[in-house]
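> structure for this input, please:
(2 chains)
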There are 2 protein chains.
Amino acid sequence: MSRPGGRRRGAAQGVPQRPFGQVERTFAPARVISDDQVAAIHDAALTLLATQGMRVLSPEAQALYAAAGARVEDQTVRLDPGLVAERLATVPARFTLEARNPAKSLKLGGGFCIYASVGGPAYVMDNDRGRRDGTFAEMVDFLRLVQSLNVIHQEGGCPFEPMDLPAHTRHLDIFHAQIRHLDKSWQTQTLGRARTLDGIAMAAIMLDTTPDALAGRPVLLGIINTNSPLQLDVPMAEGLITMAAHGQVNVITPFTLAGAMAPVTLAGALVLQHAEALAGIVLTQIVRPGVPVMYGGFTSNVDMRSGSPAFGTPEYTRAAQVSGQLARHIGVPFRSSNVTAANEVDAQAAWESQMALWGALTGGAHLLEHAAGWLHGGLTASFEKLILDAEMLQMMEAYFEPFPTGPDDLALEAIAEAGAGGHFFGTAHTMARYEKAFHNPMVANWDNHTSWLDKGGITARERANAVWKQMLAEAEDPALDPAVDEALSDYVARRKAEGGAPMN
Amino acid sequence: MSRPGGRRRGAAQGVPQRPFGQVERTFAPARVISDDQVAAIHDAALTLLATQGMRVLSPEAQALYAAAGARVEDQTVRLDPGLVAERLATVPARFTLEARNPAKSLKLGGGFCIYASVGGPAYVMDNDRGRRDGTFAEMVDFLRLVQSLNVIHQEGGCPFEPMDLPAHTRHLDIFHAQIRHLDKSWQTQTLGRARTLDGIAMAAIMLDTTPDALAGRPVLLGIINTNSPLQLDVPMAEGLITMAAHGQVNVITPFTLAGAMAPVTLAGALVLQHAEALAGIVLTQIVRPGVPVMYGGFTSNVDMRSGSPAFGTPEYTRAAQVSGQLARHIGVPFRSSNVTAANEVDAQAAWESQMALWGALTGGAHLLEHAAGWLHGGLTASFEKLILDAEMLQMMEAYFEPFPTGPDDLALEAIAEAGAGGHFFGTAHTMARYEKAFHNPMVANWDNHTSWLDKGGITARERANAVWKQMLAEAEDPALDPAVDEALSDYVARRKAEGGAPMN
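Here you go, the predicted model:
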């Protein structure tokens, strides 16, 4: 059989890929607890918000809550169920997120999900040099791979800290790099008002518009973490309020680690997650009714032997699916993640990521954060894990494709042609379809064992290393209007001269 | 936090394990195609059986089909839809499979699934010695691990061929070893009448009864593979008929590899699988109405670049879930498998097995064949993969456990105790629950990266090697009545003197 060369290839010519796009999931999300159980968790969260309340450190946020009818005493904000319900009513169930390249704008909600690359790690790692502090140049390499990998729909807000850049102005260079090296959607940073405004200003330049005019055009998505349990700090409140005021998308994500910052029972951890998420979602709707916002589920558990966070556990999977049920219960789009605590791109990394992927995607996630590249419980961005995850994401996309059962698919004629005891290699039915019939891997090796040994016995981790190097060698930056690039340079220069953003 | 030593430990004292048992799945299996699509595949299979028919090489099987009303011409057996429906009506939806140790008898059907260890490979492999022909002594080691691993409910019919034993009588030594080293359920071999009768005779001795008296007591389960497309050979027909006549469980499993022995479209491959499975299931009910039988789904696809079989692909996952829908449509318990084509116990082995596990278990499988130990597309049994799979199976069991949402689980009091910005490490709620709150891994390592490097940077593959060696060192054979053992020895000696079983 001839090699189906050239099909499904993306930006990197040599590596077979699916085309860029979102596959709409057509079957119902998992329903792992009953509607009564969902209601029990929701009601407990409402009770928590009405009685214990949320500690909100930002006076501005306190004032916004109070003006909307919340009870604010000292720093504690208490929300009654009626107020929560009223504010949930204005959350849009689905929306579109613009990308620099309009062909790469993204649908979010219903059966559509966005796969976003890893965001936030402190370190970078690859097979050749191990784990280390990252540089801006390496970050740009990582962005080029994110651009090249078609299955990644969105960049996730800076893959790792470029430690060779000054902390106060680093975000400006990162935003500029995100716009230069990607024509895909990218996530911004929301730690404090100044950084958040810089992201919005630069996104406006990118689209040749103004920050005010962005209000009706969701372009940016940013993660807001509550300080579990039950606390919203000043920088996150500023980020949330600034994003919402500009019509941009907050992803309210409590970090409820069962046994540490959350109850040891999963149901209890989810009550806490749900309460904190509700508090944040309500605040976005107070700031700007109707602004898109997402429900972030990030509940996992600690290793009770050591207190270390664990990810991709059975508890994580269940929490993701129940989070999806909770998000659908309140009609808010749902964010989950692809996570692992593994230390190497080995079998553990794969099985933990798979447990997370199945939890997230059958759980109905509309944003899969850290979809590719996350290692070490989120402390490290890995070049090889980026490729392995892209492989696994391509498999999930193939899995969610439509399953046709028309007469040609049922293939009774082909079965008659092959005959009892025959084979289908050369039938007309096979010849017409084989090139596009099945998922075509980037990393998986299906040689027989002797051939595999003859070729050097290369493991998946080492094959992934070769894939990203090939892809990076072939990467080309997407065209960017020189006037836009110059305007961005001017903005960055001005803001650097002003001293950048305060450290929070 | 203190180490929760001693909890959940099984036969091997040093390796933490869940106790032996089956977790009843309480939420509905996946429904990835519509009922109309299921009916379309079912109807196409019925059309296939009525028109093209099945080539049945065994005159005995032809006669049985003919006597039941099938149209038999030359070697072709055609079954009308009415005949199929009539025979499906007698298939039991659930049953219990006896083990030597009654406490390890197994439920099959409804929410209950049996995890069976790998069966059938030609080779054995471990990290230390690579892939090689296996010996009887190594096979016994593998059986001891199968006995020690609580999450494995059933031995899968000989993990790999002991090549140091003569082929004609090897099965007798294998059956004897299965009974000696396991008090769990074990699978038998069904290639031809003589081997099948030996398994039944020795199972009867094991239970201190007679082959005839076993008829109402399902004890043995055996795999019947049709020769796809549309052919049932003589040895498999003999095995099927002999098992069914003695009230034992046939698992009718077409090997429908899309693009090779089956149509390149998944729907077409499943039409073929369904038709062949129906033909086999019908034959069991002709032989003995009401005898337990299972619907085996094994549809995967080939790599269209090379023609090699691929496993754990997105196509495999979808095929498993649709197979579950088809099996439920006809009311027959469903068998699926944990498979991979990977050449090493690396990330690929894990992600392919995960894709298979999720397909099988959310697909509603009642028997997970090759649940632990399969590598190289089934050509090899791996000691390290056995351990990795046991780890992943324990995770799936934890995933399927009940999800309580009572007042104590919702934990409002614990949340009040921790307070905003506090933590849950020391709350009474945590202290009362932490030892049993979460899945406790055998292989996963959740150290931070520096600690992991300090301890030698041991990957999952190497940790699995240490686990099986420790477990094997600690393994103890379950007690066996010396009189039973002696009777088995006598049987084996007599049958060896008679020349064993013919080679098929």
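> for residue B:255, see how far away the one residue in the stretch 401-504 of chain A that gets nearest to chain B is.
Closest to chain B within the stretch 401-504 of chain A is residue A:411: 2.8 Å, counting by Cβ to the nearest Cβ. Using the backbone N, CA and C atoms, a C-beta is placed for each residue, glycine as well. Here residue A:411 is placed at a distance of 17 Å from residue B:255 (Cβ to Cβ, to the nearest Å).
> of the two, who's got more company?
Neighbour count, other Cβ atoms under 10 Å in any protein chain shown: between residue A:411 and residue B:255, residue A:411 has more, with 30 against 18.
> specify the local secondary structure of the most centrally placed residue in chain A.
Most central in chain A under Cα atoms, centre = their mean is residue A:369, positioned 1.8 Å from the mean C-alpha point. Under DSSP: H, G, I helix; E, B strand; the rest coil, the three-state class of residue A:369 is strand.
> wait, does the helix or strand of chain A with the lowest mean pLDDT contact chain B?
Least confident helix or strand of chain A, by mean pLDDT, DSSP states H and E, is helix A:434-437 with a mean of 90. Yes. For helix A:434-437, a contact with chain B is found by Cβ under 8 Å from any Cβ of the partner chain, at A:434-435, A:437.
> for stretch A:218-236, same thing?
Yes. Stretch A:218-236 comes into contact with chain B (Cβ under 8 Å from any Cβ), by way of A:227, A:229-231.
> how about the residue of the stretch 51-200 of chain A found nearest chain B, nearest residue that isn't a chain neighbour?
The nearest approach of the stretch 51-200 of chain A to chain B comes at residue A:55, 3.7 Å away (Cβ to the nearest Cβ). When the adjacent residues along the chain are set aside, residue A:55 lies closest to residue B:420, with 3.7 Å between them (Cβ to Cβ, 6 or more residues apart in numbering or on different chains).
> I'd say the one you found and residue A:232 touch.
No. With contact defined as Cβ atoms under 8 Å, residue B:420 does not reach residue A:232; the gap is 9.6 Å.
> which strands or helices does the helix or strand harbouring the residue of the stretch 51-200 of chain A closest to chain B pack on?
Residue A:55 is located in strand A:54-56, with elements delineated by DSSP states H and E. Identification of packing neighbours for strand A:54-56 by 3 or more Cβ pairs under 8 Å, 6 or more residues apart in numbering or on different chains; DSSP states H and E yields strand A:76-78, strand A:231-232, helix A:266-287.
> state the mean pLDDT of the shortest one.
Over the span of strand A:231-232, the pLDDT mean works out to 98.
> out of the residues of stretch A:218-236 next to chain B, who's the most crowded?
residue A:229 (30 neighbours).
> am I right that that residue is in a helix?
No. When classified by three-state DSSP, residue A:229 is found to be coil rather than part of a helix.
> circling back to that earlier point, what is the nearest of the residues of stretch A:218-236 next to chain B to residue B:69?
Distances from residue B:69 to these, taken as Cβ to Cβ, are shortest for residue A:229 (69.2 Å).
> hmm, residue B:418 and the closest one touching each other?
Yes. With contact defined as Cβ under 8 Å, residue A:229 counts as touching residue B:418 (5.5 Å).
> most tightly packed of the helices and strands packed on strand A:54-56?
helix A:266-287 (a mean of 28; mean count of other Cβ atoms under 10 Å in any protein chain shown).
> show me what the helix or strand that comes right after it is packed up against.
Downstream of helix A:266-287, the first helix or strand assigned by DSSP H and E is strand A:293-296. Applying 3+ Cβ pairs under 8 Å, 6+ apart, we find strand A:293-296 packed against strand A:221-224, strand A:249-252, helix A:266-287, helix A:314-330, strand A:334-337.
> switch the cut-off to 6 Å
Strand A:293-296 sits against strand A:249-252, helix A:266-287, strand A:334-337, with contacts defined as 3 or more Cβ pairs under 6 Å, 6 or more residues apart in numbering or on different chains; DSSP states H and E.
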